[in-house]
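Colleague: Please find the sequence and the predicted model below.
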Amino acid sequence: MKRTEAVSPLPPATRDAGRSADPGAPVIALRDATLAFGDCVLWRGLHLDVRPGEFLAVLGPNGSGKTSLLRVLLGRQHLTGGSLTVLGRPPRSGSRHIGYVPQQTFQPTHTLLRARDLVRLGLDGHRWGPPFARRTTRRRVDELLDAVGAMSYADVPLGRLSGGEQQRVRVAQALATDPRILLCDEPLLSLDLQHQRTITGLVAERRRSAGTAVVFVTHEINPVLGLVDRVLYLARGGYRVGPPDEVMTSSTLTELYGTHVDVVRVRGRIVVVGASDQGTGHTHDDVTEGGGKQ
Ligand SMILES: Nc1ncnc2c1ncn2[C@@H]1O[C@H](COP(=O)(O)OP(=O)(O)OP(=O)(O)O)[C@@H](O)[C@H]1O
Ligand SMILES: [Mg+2]
């Protein structure tokens, strides 16, 4: 498998942020990793290191295995082949070192769970024993809700919130445990421009101040283009990984898709033209901005 590979340059402030013997050691290491469901190979031969403080954008058409990759990293899905270590160990579910913003799911309208309850679960839901002191917990929950601009609906049941409002609460929950790895599955979906900026700003700050590695699945690279160290592009069972300037090119995507694809830059934005979703059985918009189907 040909791939565009480069070790991302990390800002000096993030270099010492890992809490292992070797602070620069990868927090995620995939070796020759393959994931298949029956005869359907989502990706094969994936070789990837993600280092502390790195921002990896994951792109690809519907069904290319982006969510499945996050599920593998979370220890909820086994690889079909190859190996994976997360924070130096085999992946295991429930790790408080990993924050996860799942692909958008809507809460049932009758749920009584409030925004602040969901964030509190992120703080102490994984712990056995007595909960944190009430005042400390409340203060931290308020801080997290405030950071995503959700204080005004902190006590509203989740089922009564809009998709974008729910999404912001999920981001607050994912940040609750001060994670070393943040896995975000299309976290900008349903968000207006202002709140997209709030969320990307938060993720950028988390990464800068704590060296958190970010794996960010998105159909739209432009809102995060200034943050991205590398792109992992999945399509047709293959992949390319490297800096955006190397992966988001006509020749690289044409080769990956096996059909002609144009990548053009317009006023600093990346526009992908003609990426058809071969090999996954889904169709694809002819023109997309910066990635797969919107
Ligand atoms: N447990 C499973 N068993 C069988 N097939 C599965 C399973 N999980 C996922 N798949 C299939 O694997 C493919 C990839 O799914 P995945 O959710 O990872 O795609 P995706 O890249 O996240 O797509 P989208 O952009 O639509 O979110 C899909 O065709 C899906 O139906
Ligand atoms: Mg998905």
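Modeller: That came in fine, so what should we check first? What you are looking at is a predicted structure, and each value in this text was computed from that prediction instead of being measured. Ligands and ions are numbered 1, 2, ... in the order given.
Colleague: Number of residues surrounding residue 119?
Modeller: Other residues near residue 119 come to 28 when the count uses other CB atoms under 10 Å. C-beta coordinates here come from the backbone N, C-alpha and C atoms, glycine included.
Colleague: Backbone torsions only: list them for it.
Modeller: phi -70, psi -40 (degrees, to the nearest 10).
Colleague: what's the strand or helix carrying residue 239 packed up against?
Modeller: Element membership of residue 239 [criterion: DSSP states H and E] is strand 238-242. Secondary-structure packing of strand 238-242 (3 or more CB pairs under 8 Å, 6 or more residues apart in numbering; DSSP states H and E): strand 40-50, strand 230-235, helix 250-257.
Colleague: Determine whether any part of that strand lies close to ligand 1.
Modeller: No: against ligand 1, strand 238-242 shows no contacts by CB under 6 Å from any ligand atom, the least distance being 11.7 Å.
Colleague: Equivalent analysis for stretch 178-192, please.
Modeller: No: applying CB under 6 Å from any ligand atom, one finds stretch 178-192 separated from ligand 1 by no less than 6.9 Å.
Colleague: List the buried residues for that stretch?
Modeller: 179-191 (16 or more other CB atoms under 10 Å).
Colleague: now do stretch 218-235
Modeller: 218-221, 223-225, 227-235.
Colleague: Of those residues, just say which sits nearest to residue 85.
Modeller: The shortest approach to residue 85 among those belongs to residue 232, at 17.2 Å (CB to CB).
Colleague: what's the weakest-modelled helix or strand in the chain?
Modeller: In the chain, no helix or strand scores lower on mean pLDDT, DSSP states H and E than helix 12-15, which sits at a mean of 37.
Colleague: which secondary structure elements does the helix or strand following it contact?
Modeller: Downstream of helix 12-15, the next assigned helix or strand under DSSP H and E is strand 28-37. Packing partners of strand 28-37 (3+ CB pairs under 8 Å, 6+ apart): strand 40-50, helix 66-73, strand 81-86.
Colleague: redo that, cut-off 6 Å
Modeller: Counting contacts by 3 or more CB pairs under 6 Å, 6 or more residues apart in numbering; DSSP states H and E, strand 28-37 packs against strand 40-50, strand 81-86.
Colleague: now the strands for the stretch 151-294 of the chain?
Modeller: With DSSP state E, counting those that start in this stretch as the criterion, the stretch 151-294 of the chain has strands at 181-185, 213-217, 230-235, 238-242, 262-266, 269-273, 287-288.
Colleague: closest to residue 121 out of those?
Modeller: So among these, strand 181-185 is nearest, using CB to CB, at 17.1 Å.
Colleague: Sheet-wise, list the partners of that closest one with their directions.
Modeller: strand 98-101 (parallel), strand 213-217 (parallel) (DSSP bridges).
Colleague: hmm, who's touching that strand?
Modeller: 27, 67, 70, 98-103, 212-217 (CB atoms under 6 Å, 6 or more residues apart in numbering).
Colleague: Which positions in the chain make contact with ligand 1?
Modeller: 37, 42, 60, 62, 63, 64, 65, 66, 67, 68, 103.
Colleague: Out of those residues, the closest to ligand 2 would be?
Modeller: For the residues of the chain next to ligand 1, the closest approach to ligand 2 (CB to the ion) belongs to residue 67, at 3.2 Å.
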